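In: Sequence first, predicted model second:
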Amino acid sequence: MNGQSLSVDSPPVPPAGRSIALVGMMGVGKSNIGRRLATRLGLPFHDTDIEIEREAGCSVADLFSRDGEAEFRRRERRVIRRLLAGVPMVMATGGGAFMDTETRLVMRDRAVSIWLRCELPLLLRRLAACTDRPLLRSGDPAEVLQRLMTLRHPIYAEADLAFDSMDEDPDATTARVHAALRSLPVRLAVSSQA
């Protein structure tokens, strides 16, 4: 992993006014980095899992156990479509959101997608104390995460930009993402505050 890359199939220059959608595995820091990035860019921040919980009136874990993953994904797709129809923002998505073809198409049309990558050992350390991740309840966390990474990484690679989420201060990762966005030939219509 080299820190940053542009996807071959994605347009390298986003039009001004597009949202930013953070994608990647659970535990990579999408919400943490997303909040910081939104502050730097002067944009609102939304976490799709929180939006889904607000809409459903229960936690993601409860929604998974009560209605199943298919219903959760349906709600997730609807929430992402609604958020991206609004004003430009920074959005942290759930780990499986980008796997949905319809969601990827909406993001491609209305957002700059950024894949936050993380090595398995670091993910395991970050998620060691988590009890609210439904997919980690289905077996050994290392095996579950490795299986999900094998399945999801080729799809995440379709994102417009990719950055490594390393074992560093979240502000350092945020600064790398922010600098890359500011250096694009056509800048987003957002603040350039540090």
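Out: Received, thanks.
In: Show me the contact partners of the strand of greatest length in the chain.
Out: The longest strand of the chain (DSSP state E) is strand 111-117. Around strand 111-117, the neighbours that count as contacts under C-beta atoms under 8 Å, 6 or more residues apart in numbering are 1, 10, 14, 18-24, 28-30, 33, 84, 91, 98, 104, 107, 153, 156-165, 173, 177, 181, 188. Every C-beta, even on glycine, is put in place using the N, C-alpha and C of the backbone.
In: Could you list which of those residues belong to helices?
Out: Among the contacts of strand 111-117, the members falling in helices (DSSP state H) are Lys30, Ile33, Leu84, Arg104, Met107, His153, Tyr156, Thr173, Val177, Leu181.
In: which residue lies farthest from the center of this protein?
Out: Arg66 (24.5 Å; C-alpha atoms, centre = their mean).
In: I figured that one hits Cys58, correct?
Out: Yes: contact status for Arg66 versus Cys58: in contact at 7.0 Å, counting by C-beta atoms under 8 Å.
In: Read off the pLDDT value for the residue nearest to Leu124 when sequence neighbours are not counted.
Out: Leaving out its chain neighbours, the residue that sits closest to Leu124 by C-beta to C-beta, 6 or more residues apart in numbering is Ala142, at 5.9 Å. We have a pLDDT of 88 for Ala142.
In: How far off centre is the helix or strand hosting Ala142?
Out: In this assignment (DSSP states H and E), Ala142 forms part of helix 141-156. Centroid separation for helix 141-156 versus its chain: 15 Å, with C-alpha atoms, centre = their mean, to the nearest Å.
In: Now do it against strand 111-117, angle only.
Out: Angle, helix 141-156 to strand 111-117, by axes from the mean of the first three to the mean of the last three C-alpha atoms, to 10 degrees: 150 degrees.
In: buried set for helix 141-156?
Out: For helix 141-156, a neighbour-count test (16 or more other C-beta atoms under 10 Å) marks Pro141, Val144, Leu145, Leu148, Met149, Arg152, Ile155, Tyr156 as buried.
In: just stretch 114-125 next, same as before
Out: Those would be Ile114, Trp115, Leu116, Arg117, Cys118, Leu122, Leu123, for stretch 114-125 by 16+ other C-beta under 10 Å.
In: how close does Phe72 get to Ser59?
Out: Distance, Phe72 to Ser59, using C-beta to C-beta, to the nearest Å: 11 Å.
In: Of these two, give the one with the bigger neighbour count.
Out: Between Phe72 and Ser59, counted using other C-beta atoms under 10 Å, the more crowded position is Phe72 (21 against 15).
In: I'd assumed Ser65 was in contact with that one.
Out: No: if you go by C-beta under 8 Å, Phe72 and Ser65 don't touch, sitting 10.1 Å apart.
In: Which strand residues bridge Leu161?
Out: Under DSSP bridges, the beta-bridge partners of Leu161 are Leu6, Ile114.
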